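Student: have a look; sequence and predicted model below, questions after that.
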Amino acid sequence: MENIAILGSTGSIGTSGLDVISKFPKRFKAACLSVNSNTELLLQQVKKFKPAAVCIADRKKAGKFKDLCREVKVYEGEDGLCSMLEDVKIDTALVGIVGSSALLPIIAVLDKVKKMALANKEALVMAGSIIMNKAARNKVTVVPVDSEHSAIFQCVGRSGRKDLRRIFLTGSGGPLLKVKKSRFKDITVKQAINHPRWKMGKKISVDSATMMNKGLEVIEARWLFDMDIDNIEILIHPEAVVHSMVELRDGTILAQLGACDMRIPIQYALTYPDRFDSGIKSLEFSKIKSLNFYCPDFKKFPCMGLAYEAGKKAGTCPSVLNASNEAAVREFIEGGIKFIDIPRLIEKVMGLHKSVKDPMLGDILEADKWARIKTKEMIRCCR
């Protein structure tokens, strides 16, 4: 029996993870859950999975939840999440928290677990060296959950990172792939979050629309697979059947294909190195008329180029990229800026940043804070 911590249990990754856990009651136990503010769904999860503890980031809602549900220990805030991870016995953590707020819990959980199923890319973008080095020191197996990185992980296998020549990171192109750039100034939030293949939260859906999500995934892959940025290529693949590919040094290309269902990579991450029946409908190749691949349009989607630039500069640049993007995307979702303002703001903030080479955690957090303040200042100046 493995005790699992589900960080972000009410999000798309967390709910899918709990669905997987429910199928293997003799193998997995949901030991603790964390949420931002969705205490209504959390209450249902507590009643069904009976975890030892929960953490709620929203302290006001945490107080109300304590009165409502006395059968479970309740922790509050980011500091409470780290305390919960310290207090509860866990073997594996499924990290489904979105954004930079996952960084400190990830660093904390690496002292507790044997395996981390990682669905958060922002923490690796910010502090990939720190996270992967700590995982190696503590002998923690990091299994990626993002469909693309899970695909690469499976193609590389247990033996072959030394044979890896190139990574082909596929992406559907998002909801705006066929929309002309001239129309981007009028893109609404509803249009931006209408992803054609995946059902996700608002922030990651907007990142898919700007294709920043794919840029962040390039930096994520750099750390997960110890690969030079220049050897990681983005390919637009609208059918989303091939989840990613690798080229080995002898010229062999390996691809991982599958249905668009996040429960597949989540289950693989939790059961790794074993595989079990998922109950998910298999691909019917006879119904797939064609598989198309295109080079991405960096002029139409400049966020990809900004991510490559930050990844190559390294230091604190990726942290600034991520923080400015988070601030700009939130402002767009709230109606404060236009869709086309997102890459413009990020580029300006990155241009003002003086990167710290080989940063410590404090440097990364300081760069994150600076970038958010600077982005908000620029937004106010433009109004």
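Tutor: Great, that's in hand. Numbering: from 1, shown residues only.

Student: which stretch of helix or strand covers Ile167?
Tutor: Taking DSSP states H and E as the criterion, Ile167 maps to strand 164-171.

Student: average pLDDT across that strand?
Tutor: The average pLDDT for strand 164-171 rounds to 96.

Student: tell me which helix or strand comes right after it.
Tutor: helix 189-192.

Student: residues in contact with that following helix: which ones?
Tutor: For helix 189-192, contacts defined as CB atoms under 8 Å, 6 or more residues apart in numbering pick out Pro175, Leu176, Val179, Lys202, Ser205, Val206, Ala209, Thr210, Phe332, Ile333, Gly335, Phe339. For the C-beta atoms, the positions are set from N, CA and C on the backbone; glycine is no exception.

Student: before we move on, the earlier item: name the residues of the strand holding Ile167 that are buried.
Tutor: Leu164, Arg166, Ile167, Phe168, Leu169, Thr170, Gly171 (16 or more other CB atoms under 10 Å).

Student: and stretch 131-141, by the same measure?
Tutor: Neighbour-count burial for stretch 131-141 [16+ other CB under 10 Å]: Ile131, Met132, Ala135, Val140.

Student: what segments of the stretch 51-200 of the chain are helices?
Tutor: Counting by DSSP state H, counting those that start in this stretch, one finds helices in the stretch 51-200 of the chain at the ranges 59-68, 77-87, 103-109, 122-137, 147-156, 189-192.

Student: rewinding a little: which ChimeraX command selects the buried ones in the contacts of helix 189-192?
Tutor: Buried subset of these, written as a ChimeraX selection, criterion 16+ other CB under 10 Å:
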select :175,176,205,206,209,210,332,333,339
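
Student: and of the contacts of helix 189-192, the nearest to Val98?
Tutor: Lys202 (9.5 Å; CB to CB).

Student: that older thread, please produce CSV containing the buried residues of strand 164-171, extended by distance to Lys312.
Tutor: Formatted as CSV, the buried residues of strand 164-171 follow (distance: CB to CB, whole Å):
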residue, distance to Lys312
Leu164, 19
Arg166, 16
Ile167, 15
Phe168, 19
Leu169, 16
Thr170, 21
Gly171, 20
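
Student: quick one: which of those is nearest to Ile288?
Tutor: Taking the buried residues of strand 164-171 together and measuring to Ile288 by CB to CB, the closest member is Thr170, at 14.7 Å.

Student: ok so, going back, which one, of the helices of the stretch 51-200 of the chain, ends up nearest to Asn292?
Tutor: Nearest to Asn292, of the helices of the stretch 51-200 of the chain and by CB to CB, is helix 147-156 at 16.9 Å.

Student: which other helices and strands contact that closest one?
Tutor: Using 3 or more CB pairs under 8 Å, 6 or more residues apart in numbering; DSSP states H and E as the contact criterion, the neighbours of helix 147-156 among helices and strands are strand 141-144, strand 164-171, helix 212-224, strand 242-248, strand 253-257, helix 263-271.

Student: which helix runs longest in the chain?
Tutor: Counting by DSSP state H, the longest helix found in the chain is helix 361-382.

Student: and the contacts of that one?
Tutor: Contacts of helix 361-382 with the rest of the structure, by CB under 8 Å, 6+ apart, involve 100, 103, 107, 126-127, 130, 316, 319-324, 326-328, 331, 336-337, 341, 345-346, 348-349, 352-353, 355-356, 359.

Student: out of the residues you listed, which end up buried?
Tutor: Using 16+ other CB under 10 Å, the buried members of the contacts of helix 361-382 are 100, 103, 107, 126-127, 130, 316, 319-324, 326-328, 331, 337, 341, 345-346, 349, 353, 355-356, 359.

Student: could you list which of those residues belong to helices?
Tutor: Reading helices off the buried ones among the contacts of helix 361-382 with DSSP H, I get 103, 107, 126-127, 130, 319-324, 326-328, 331, 341, 345-346, 349.

Student: verify the contact between Asp341 and Phe332 for me.
Tutor: Yes: contact between Asp341 and Phe332 holds when scored by CB atoms under 8 Å: they sit 7.2 Å apart.

Student: so who does the nearest residue to Ile187 once chain neighbours are set aside touch?
Tutor: Spatial nearest neighbour of Ile187, excluding adjacent residues (CB to CB, 6 or more residues apart in numbering): Phe339 at 4.0 Å. By CB under 8 Å, 6+ apart, the contact set of Phe339 is Phe184, Lys185, Ile187, Ala192, Ala209, Thr210, Phe332.

Student: the spatially most central residue of the chain and Gly128, how far apart?
Tutor: Nearest to the mean C-alpha position of the chain, counting by CA atoms, centre = their mean, stands Asn120 at 3.0 Å. Going from Asn120 to Gly128 by CB to CB, to the nearest Å gives 12 Å.

Student: what do you get for Gln267?
Tutor: 25 Å.

Student: neighbour-wise, which of these two wins?
Tutor: Gln267 (26 against 21; other CB atoms under 10 Å).

Student: is that one in contact with Phe276, as I believe?
Tutor: Yes: contact criterion CB under 8 Å: Gln267 and Phe276 qualify, at 7.1 Å.

Student: pLDDT weak spots in this structure?
Tutor: Within the chain, the stretches with pLDDT under 70 are 158-160, 198, 382-383.
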